[in-house]
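> what follows is a protein structure lacking sequence information:
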């Protein structure tokens with residue numbers, strides 16, 4: 001189940017995004033201040049360039065993480081620390097891709113791109129299990145990374 005974030009989700013997203021492991025595997029590794037997050041989140045709520053969805057196993061169950069995708073088809077996921085290690089990441093991605101195909105008819109991209117740090121073995125395995133294929137090395141935010149893609 002996916003729910004587009006709304007203003008009341010601000011600190012839940014903050015908690016997911018500021019998790020130590022999430023920060024370490026992010027392209028911006030420093031801790032996010034509450035003020036930075038609030039400013040960013042307010043922009044996201046009105047943005048037509050990036051969409052963030054909370055993910056739950058069922059409609060009324062706790063959120064297991066979030067998925068974001070921008071207007072260029074670049075995807076990012078974060079699984080809450082208490083749900084890691086159960087293989088949920090690839091199912092989250094697969095379900096989100098199905099959600100994009102079925103529910104978001106206004107998207108204008110057909111290729112979904114995942115940029116992954118070279119040392120992020122867990123994300124590499126997760127995206128490969130979800131059907132993404134390695135395409136090339138890429139540079140993102142000044143860092144060499146792996147580019148994975150899947151056709152929507």
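Alright, I've got the coordinates. The model shown is predicted, which means the values in this text are computed figures rather than measured ones.
> going forward, measure contacts between C-alpha atoms and count neighbours the same way
Noted.
> hey, where'd the strands end up in the chain?
Taking DSSP state E as the test, the strands found in the chain are 2-4, 50-56, 63-70, 75-79, 111-117, 133-140, 143-151.
> redo these as TSV? Include distance to residue 30.
Output for the strands of the chain, formatted as TSV (distance: least, C-alpha to C-alpha, whole Å):
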stretch	distance to residue 30
strand 2-4	26
strand 50-56	21
strand 63-70	19
strand 75-79	16
strand 111-117	15
strand 133-140	16
strand 143-151	15
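> quickly list what the nearest residue to residue 62 once chain neighbours are set aside is bridged to.
Nearest residue to residue 62, sequence neighbours excluded (C-alpha to C-alpha, 6 or more residues apart in numbering): residue 56, at 5.9 Å. Beta-bridge partners recorded for residue 56 (DSSP bridges): residue 63.
> OK, contacts around residue 56?
1-2, 62-65 (C-alpha atoms under 8 Å, 6 or more residues apart in numbering).
> that older thread, closest to residue 17 out of the strands of the chain?
Ranking the strands of the chain by their distance to residue 17 (criterion: C-alpha to C-alpha) puts strand 75-79 first, at 7.2 Å.
> for this structure, what helix or strand is lowest in average pLDDT?
Here the helix or strand of the chain ranked lowest by mean pLDDT, DSSP states H and E is helix 20-25, holding a mean of 86.
> other SSEs contacting it?
Helices and strands in packing contact with helix 20-25 are not found; criterion 3 or more C-alpha pairs under 8 Å, 6 or more residues apart in numbering; DSSP states H and E.
> please repeat the previous calculation with a cut-off of 10 Å.
Judged by 3 or more C-alpha pairs under 10 Å, 6 or more residues apart in numbering; DSSP states H and E, the packing partners of helix 20-25 are helix 10-17, strand 75-79, strand 111-117, helix 121-129.
> quick one: low-confidence parts of the chain?
Scanning the chain for pLDDT under 70 picks out 104-106.
> how near is the residue nearest to residue 62 to residue 86?
The gap separating residue 56 from residue 86 is 14 Å, by C-alpha to C-alpha, to the nearest Å.
> swap in residue 73?
In terms of C-alpha to C-alpha, residue 73 sits 26 Å off from residue 86.
> likewise residue 80?
Distance from residue 80 to residue 86, by C-alpha to C-alpha: 11 Å.
> and those two? Which one has more around it.
More crowded of residue 80 and residue 86, by other C-alpha atoms under 10 Å: residue 80, with 18 against 8.
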